[in-house]
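Engineer: prediction below, plus the sequence it came from.
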Protein chains: 2
Amino acid sequence: MKDVAASAGVALKTVSRVVNGERGVNAVTAERVRSAIERLGYRRDESARGLRGGRTSSVGLVIEDVADPFYSGVSRAVEDVALGYGSLLLSGSSGEDPRRERELVLTFCSRRVDGLIIVPAGADHEYLRPELDAGTPAVFADRPGGLDADTVICDNAGGACAGVTHLLRYGHRRVAFIGDSASIFTAAERLRGYRRALAEAGLPADESLIATGPPERAGAALARMLTAQAPPTALFTGNGRVTLAVLRTGQRLPMVGFDDFELADLLVPGVSVVAQDPAGLGRTAAELLFRRIQGDPGPAEHVELPTRLIPRGSGELPPP
Amino acid sequence: MKDVAASAGVALKTVSRVVNGERGVNAVTAERVRSAIERLGYRRDESARGLRGGRTSSVGLVIEDVADPFYSGVSRAVEDVALGYGSLLLSGSSGEDPRRERELVLTFCSRRVDGLIIVPAGADHEYLRPELDAGTPAVFADRPGGLDADTVICDNAGGACAGVTHLLRYGHRRVAFIGDSASIFTAAERLRGYRRALAEAGLPADESLIATGPPERAGAALARMLTAQAPPTALFTGNGRVTLAVLRTGQRLPMVGFDDFELADLLVPGVSVVAQDPAGLGRTAAELLFRRIQGDPGPAEHVELPTRLIPRGSGELPPP
DNA sequence: CTGTTGCGGGACAACGTTGTCGAAAGCAGG
DNA sequence: CCTGCTTTCGACAACGTTGTCCCGCAACAG
């Protein structure tokens, strides 16, 4: 910018004015400055700008893994909203590791993001306190973060309950549940929904039909259940990765899965699912965040997004 | 930092020394500073740091769409490499729009990224010239960028040739090609590979068996071919989206698709594919970029990554 | 006692911006 | 001619860091 000013024979401030489209610059002078900018290939330094003013026009997003279609959908939606607000999205994958999540968040804070959207990997977010106090808003997405901050989550329990109830309607009385580790909030909620569905139907919950743990162990869990004395006649899976793991075993029994996935409709039979809306989740969280960034002071909001049952065949089969 | 210095009763520079682990600070003083940092919740401002020093410890990545599994795989790999180099990844989706790509790249440059990885949407990248001249390295990934910069691409033609040859080996003589718009580099290359395979087998290329255009029109194109006088007995699809579009038509004929995808193995028959390695692409491009950032001066490199044919059933069927 | 060395620590400038203030010049009205 | 207002523009400080230079002090050799 200094060079541009020298080249155009004006003061620094005048260049700044032209770049920012402020008034108070003669048209002729402005043109001279603009041509100097063009000639020198000058580009305003956003980080210096953020240093001087308060805003950096950037927001941070911490997800579990960009390569997971659910989170990449979230990411894309947040990016689009940020674009609309003239903001850049910084995003990173925590890989479900609380330490890495913390590291990412702190990195974003070091870059003075205007706000944060976090899919919590850990339970404790006290480390965020200084930032929140300093006025950097944060929104927790997909799972609650423990702090009294804005939160956008899906109706995990309700969705699971609806999915299981759907199976019960076709006459099943022994519906198994295979889900992710119970320490993960969404997994626990969905298990809660499963139990609620059974309770509402007046059925007892048989603990031998419930398995939780890493998705890669889901296949083995199913095999155990099917070879037991009283095997299930239907299955509810707690997330997309578990659903895939189960499908790969080759075992086909009536089932409904949590999370929609590409090609679910092309399998035979089509896989009935309880679908979340990743884009909606990302969009809602981002809109909420930008409202905060723009100064909305109200109390923390807790939004719950609905799920949608999509029947495709696998969930509409009666017991043998 | 000023506050920390005041609170610890030392000078600014001493705090800076402690934060950066420089020597020349008494252990007692250092401890006093550290406790002040803790007490005040101080966090070094990375943008001010980048302003003073040259490096910002960040790199930019422009892809077509994070929500596309291929690109999210690339993104994840680049992120992992960047993490290893202590660098933050800024990434954005161009949506195949050259204007948006340019805008993103310039935004990244405004933030003074140390380097760029670009999946080119447009053909002209002259706008990058000032940055390259200023010493910001750039690597083009998946497609060449026109400039004389480092490039990492897949062996599109070779992969397509291998896929088509595979079909020919099973006795097909009328293999159709349905691909993305010919204006896209990868699509054009794959079509070239298709033609090469036919030529090598001594077969004429029947233009009525070749269709290019947006994936959503692939289904219609296939329908036209199948109802024509001399329909194809096998099909090669030019990318993952086209493959999906074709599968959704419900038409099943012997086929091989470019790009692997989740669940390809669970369809009946399993879909044989020519697989690219998105993680490998991202990793290679990122490693190359960081070598440049660290000062490697050599001439522009052009890396070509191999593809892998994965037979799953759909490509191993003879003509009726 | 003097000169030298090393260590701990501080003052200051600079990075590239922008907000604040004020100066100079032009113009209208008296 | 003076006064008051507007337009145009520049000087300067400040944002949060870090590199450079310098100073004071203790230890040590001569």
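Structural biologist: Perfect, I can see it now.
Engineer: which segments of chain A make up each domain?
Structural biologist: As recorded under automatic domain parsing, the domains making up chain A are A:2-44, A:55-154+A:278-305, A:156-275.
Engineer: is the first one up against DNA strand C anywhere?
Structural biologist: Spelled out, that is domain A:2-44. Yes - part of domain A:2-44 sits near DNA strand C under the criterion C-beta under 7 Å from any atom of the strand, namely A:2, A:12-13, A:16, A:19-20, A:42-44. C-betas here are computed from N, CA, C, even on glycine.
Engineer: export these to JSON lines and tack on pLDDT, secondary structure and distance to A:G213?
Structural biologist: Compiled in JSON lines, the residues of domain A:2-44 next to DNA strand C are given as follows (pLDDT from 0 to 100; DSSP: H, G, I helix; E, B strand; the rest coil; distance: C-beta to C-beta, whole Å):
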{"residue": "A:K2", "pLDDT": "88", "secondary structure": "helix", "distance to A:G213": "61"}
{"residue": "A:L12", "pLDDT": "93", "secondary structure": "helix", "distance to A:G213": "62"}
{"residue": "A:K13", "pLDDT": "94", "secondary structure": "helix", "distance to A:G213": "63"}
{"residue": "A:S16", "pLDDT": "95", "secondary structure": "helix", "distance to A:G213": "59"}
{"residue": "A:V19", "pLDDT": "94", "secondary structure": "helix", "distance to A:G213": "57"}
{"residue": "A:N20", "pLDDT": "93", "secondary structure": "coil", "distance to A:G213": "56"}
{"residue": "A:Y42", "pLDDT": "92", "secondary structure": "coil", "distance to A:G213": "57"}
{"residue": "A:R43", "pLDDT": "92", "secondary structure": "coil", "distance to A:G213": "51"}
{"residue": "A:R44", "pLDDT": "94", "secondary structure": "coil", "distance to A:G213": "52"}
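Engineer: show me which residues of the stretch 201-320 of chain A are close to DNA strand C?
Structural biologist: Counting by C-beta under 7 Å from any atom of the strand, none of the residues of the stretch 201-320 of chain A come close to DNA strand C.
Engineer: spatially nearest residue to A:P98, not counting backbone neighbours?
Structural biologist: For A:P98, the nearest residue in space outside its immediate sequence neighbours is A:G122; the separation is 2.8 Å by C-beta to C-beta, 6 or more residues apart in numbering or on different chains.
Engineer: just confirm that neighbour contacts A:E101, I think it does.
Structural biologist: Yes - in terms of C-beta atoms under 8 Å, A:G122 counts as a neighbour of A:E101; the distance is 5.9 Å.
Engineer: looking at these two, which is more packed in?
Structural biologist: Taking A:G122 and A:E101 together and counting by other C-beta atoms under 10 Å in any protein chain shown, A:E101 has the greater number of neighbours (24 against 16).
Engineer: A:S94 is in contact with that one, correct?
Structural biologist: Yes - counting by C-beta under 8 Å, A:E101 touches A:S94, with 3.9 Å between them.
Engineer: hang on, isn't A:V15 packed against A:S7?
Structural biologist: No - taking contacts as C-beta under 8 Å, A:V15 lies outside contact range of A:S7: 9.6 Å.
Engineer: could you check which of the two is surrounded by more residues?
Structural biologist: When neighbours are counted by other C-beta under 10 Å, A:V15 comes out ahead of the other of A:V15 and A:S7, with 26 against 17.
Engineer: any idea how far A:T56 is from that one?
Structural biologist: Computed with C-beta to C-beta, to the nearest Å, the distance linking A:V15 and A:T56 is 21 Å.
Engineer: what touches both of A:E101 and A:S94?
Structural biologist: Each of A:62, A:121 lies in contact with both A:E101 and A:S94 under the rule C-beta atoms under 8 Å, 6 or more residues apart in numbering or on different chains.
Engineer: what's the first-to-last distance across stretch A:268-275?
Structural biologist: Distance between the two ends of stretch A:268-275: 19 Å, counting by C-alpha to C-alpha, to the nearest Å.
Engineer: count the residues that sit near the residue in the stretch 101-250 of chain A positioned nearest to chain B.
Structural biologist: Nearest residue of the stretch 101-250 of chain A to chain B (C-beta to the nearest C-beta) works out as A:P130 at 3.1 Å. A:P130 has 14 neighbours, counted by other C-beta under 10 Å.
Engineer: residues contacting the closest residue to it other than its chain neighbours?
Structural biologist: Sequence neighbours aside, B:G41 is the residue nearest to A:P130 in space, at 3.1 Å (criterion: C-beta to C-beta, 6+ apart). B:G41 sits next to A:129-130, A:133-134 when contact means C-beta under 8 Å, 6+ apart.
Engineer: could you redo the last one with a cut-off of 10 Å?
Structural biologist: With C-beta atoms under 10 Å, 6 or more residues apart in numbering or on different chains as the criterion, the residues that contact B:G41 are A:127, A:129-131, A:133-134, B:4.
Engineer: out of those, list just those in helices.
Structural biologist: With helices taken from DSSP state H, the overlap with the contacts of B:G41 comprises A:129-131, A:133, B:4.
Engineer: of these, which is the most crowded?
Structural biologist: The member of the ones in helices among the contacts of B:G41 surrounded by the most neighbours (other C-beta under 10 Å) is B:V4, with 24 neighbours in all.
Engineer: distance of it from chain A?
Structural biologist: Relative to chain A, B:V4 is positioned 13 Å away (criterion: C-beta to the nearest C-beta, to the nearest Å).
Engineer: retrieve the pLDDT associated with that residue.
Structural biologist: pLDDT recorded at B:V4 is 91.
Engineer: okay, helices next: where are they in chain A?
Structural biologist: According to DSSP H, chain A carries its helices in the segments A:2-8, A:12-19, A:27-40, A:46-52, A:69-84, A:98-110, A:129-133, A:156-169, A:185-200, A:218-227, A:240-248, A:278-293.
Engineer: distance to B:V113 for those - can I get that in JSON lines?
Structural biologist: Output for these, formatted as JSON lines (distance: least, C-beta to C-beta, whole Å):
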{"stretch": "helix A:2-8", "distance to B:V113": "21"}
{"stretch": "helix A:12-19", "distance to B:V113": "20"}
{"stretch": "helix A:27-40", "distance to B:V113": "20"}
{"stretch": "helix A:46-52", "distance to B:V113": "10"}
{"stretch": "helix A:69-84", "distance to B:V113": "17"}
{"stretch": "helix A:98-110", "distance to B:V113": "15"}
{"stretch": "helix A:129-133", "distance to B:V113": "24"}
{"stretch": "helix A:156-169", "distance to B:V113": "38"}
{"stretch": "helix A:185-200", "distance to B:V113": "34"}
{"stretch": "helix A:218-227", "distance to B:V113": "41"}
{"stretch": "helix A:240-248", "distance to B:V113": "33"}
{"stretch": "helix A:278-293", "distance to B:V113": "23"}
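Engineer: of all those helices, which lies closest to A:E207?
Structural biologist: Between A:E207 and the helices of chain A, the tightest spacing by C-beta to C-beta is seen for helix A:185-200, at 10.5 Å.
Engineer: so which of the residues of domain A:2-44 next to DNA strand C also contact DNA strand D?
Structural biologist: Taking C-beta under 7 Å from any atom of the strand as the test, DNA strand D is in contact with A:12-13 out of the residues of domain A:2-44 next to DNA strand C.
Engineer: could I get the contacts of B:G41 in TSV, plus columns for distance to DNA strand D?
Structural biologist: Shown next, in TSV, are the contacts of B:G41 (distance: C-beta to the nearest atom of the strand, whole Å):
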residue	distance to DNA strand D
A:Y127	17
A:R129	18
A:P130	13
A:E131	13
A:D133	15
A:A134	10
B:V4	8
